[in-house]
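A.B. asks: Here's my sequence, what's the structure:
(chains A and B)
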Amino acid sequence: MNGQIVSVNLGESKVSTDPSVTMVCFGLGSCVGLAAYDPQARVAGLTHVVLPASVEDRPTHGGNGAGPAPGRFADTAVPHLIAAMEAKGASRRRLSVRLAGGAQMLAFAGSGPMWEIGQRNVAAVHQALAAAGLSPAAEDVGGNSGRTLRLAVDGGRVTVSVVGRGEHEL
Amino acid sequence: MTLDAVQPKTRAPGQTGAAEWDELFARAAVTAGKSLELMAGRPLDIRAGKAVAVPLGEVPALAGSPEDPLTVVFVAVEGGAAGQALLCLRPEGAERLAALLLGRSPAGSGQVHDFLGLSALAEAGNVALSAFLNVVSDRTGRPLRPSVPVVVTDMAGAILASALVSGGNVEEEAIVVEAGFGSAAEGMEGFILYLPGPPPPAEHRGGRDRDEVELAGPSPRP
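C.D. replies: Numbers count the residues shown, from 1 in each chain, chains lettered A, B, ... in the order given. Purely as a prediction, here's the structure:
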């Protein structure tokens, strides 16, 4: 994949129609990268989900009052990404969705909800997709390894790379 | 590889760091470095610690490219100033440190995945991070209980973001304490990261004192 690399960082969602762009979620651990593509409108979207739920997991203190980015939580990231893609001409009926991430990087370090955040993120993304009438065409989730997810706007090819295991198409 | 190659990218000094805290973290870093020197039997260059505020999205890039492999000894910290403490090295440096501790020649592959190598690294992390935390604990008067250390080698961003999130750090910015150590001659530079947890919600603060809340935030210690 050549051309311009656009990094999608923690809690961010980005949409592009520029065929020279490859959008990337680098180093997904417990976070989930959700790549969506409309092959007819040639609109691509990528979001980097950090936590499952905007109500349960949002900060309860501090902050600047502006509220966290919608891409940070699965339940707000999915509808936000779909709406942003539709605004660029995509149709949700045509969206092909692929997921990667949701690992437990620090296995055995502890137990409890925050240590199982990867599993919870994947489940929450599935739930949000179902609520939008979508289901993933492919996914590479869980386990104990970090992943990098790439989405090429030109053609919507999605790849996942893992340390020591190279890159594969999703 | 030089120490600069792995030192965390930080915002302008003094943005969060009150002088008292910088002095505390500097002392904690030196103590941790000295403990590693004793273990390794070699002098190390020690870069004093300081506290900085890092936007959440930049945490995965604290060690450089979030996709580059990093070896981390991780402990979760419970007690008066709960958080996450990490001893971070490039895999090649981790292998050299493990080899040094075990008195054997490094294989040069960056692999430390045999039982002895992992145990040596876990112990090095345990000693260095405990030394760091002891200084913080002594100063604040709050007990800190580190978990059993976990050694993991993977994408730096995946480890750092997971550590941050597992500690409940989901604010716009994370407070990061970083301190470097290493030996250019030995090729095993690394650094310690301490990610204090967020302050508890007001309704849950009962029983905690001001020190605990202030350690987790940018306010200077009185």
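
A.B. asks: so where is chain A shaky, pLDDT-wise?
C.D. replies: Along chain A, the model assigns pLDDT under 70 to residues A:1-2, A:54-68, A:107-115.

A.B. asks: now the strands for it?
C.D. replies: Counting by DSSP state E, chain A has strands at residues A:4-7, A:13-16, A:21-28, A:32-38, A:43-49, A:96-101, A:138-141, A:147-152, A:158-162, A:166-169.

A.B. asks: One more: chain B?
C.D. replies: Assigned by DSSP E, chain B shows strands spanning B:45-55, B:69-79, B:83-89, B:144-146, B:150-155, B:173-182, B:190-196.

A.B. asks: can I get the strands of chain A in CSV with distance to B:Thr71 and mean neighbour count?
C.D. replies: All C-beta spots, glycine's among them, are computed from the backbone N, C-alpha and C. CSV is the format used below for these (distance: least, Cβ to Cβ, whole Å; neighbours: other Cβ atoms under 10 Å in any protein chain shown):
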stretch, distance to B:Thr71, mean neighbour count
strand A:4-7, 23, 14
strand A:13-16, 31, 22
strand A:21-28, 15, 27
strand A:32-38, 24, 28
strand A:43-49, 24, 29
strand A:96-101, 21, 25
strand A:138-141, 23, 20
strand A:147-152, 18, 26
strand A:158-162, 16, 22
strand A:166-169, 20, 10
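
A.B. asks: Distance to A:Leu129 added to those strands, as TSV?
C.D. replies: Below are the strands of chain A laid out as TSV (distance: least, Cβ to Cβ, whole Å):
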stretch	distance to A:Leu129
strand A:4-7	23
strand A:13-16	14
strand A:21-28	17
strand A:32-38	8
strand A:43-49	11
strand A:96-101	6
strand A:138-141	10
strand A:147-152	16
strand A:158-162	15
strand A:166-169	21
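
A.B. asks: which one of the strands of chain B has the most crowded surroundings?
C.D. replies: strand B:83-89 (a mean of 27; mean count of other Cβ atoms under 10 Å in any protein chain shown).

A.B. asks: Please report the distance of B:Val150 from B:Phe132.
C.D. replies: The gap separating B:Val150 from B:Phe132 is 17 Å, by Cβ to Cβ, to the nearest Å.

A.B. asks: State whether B:Glu186 and B:Leu100 are indeed in contact, as I suppose.
C.D. replies: Yes: counting by Cβ atoms under 8 Å, B:Glu186 sits close enough to B:Leu100 to count as a contact (7.0 Å).

A.B. asks: got any residues that touch both of the two?
C.D. replies: By Cβ atoms under 8 Å, 6 or more residues apart in numbering or on different chains, B:Glu186 and B:Leu100 have these common neighbours: B:Arg42.

A.B. asks: Identify whichever of the strands of chain B lies nearest to chain A.
C.D. replies: Across the strands of chain B, chain A has its closest neighbour in strand B:150-155 (3.5 Å, Cβ to the nearest Cβ).

A.B. asks: What residues does A:Leu10 make contact with?
C.D. replies: A:31, A:48, A:50, A:72, B:56-57, B:59-60, B:161.

A.B. asks: Show me the two of those that sit farthest apart.
C.D. replies: Distances among those were taken as Cβ to Cβ; the most separated pair is A:Arg72 and B:Pro60, at 13.8 Å.

A.B. asks: neighbour-wise, which of these two wins?
C.D. replies: Neighbours per residue (other Cβ atoms under 10 Å in any protein chain shown) separate A:Arg72 from B:Pro60, with B:Pro60 holding more: 30 against 27.
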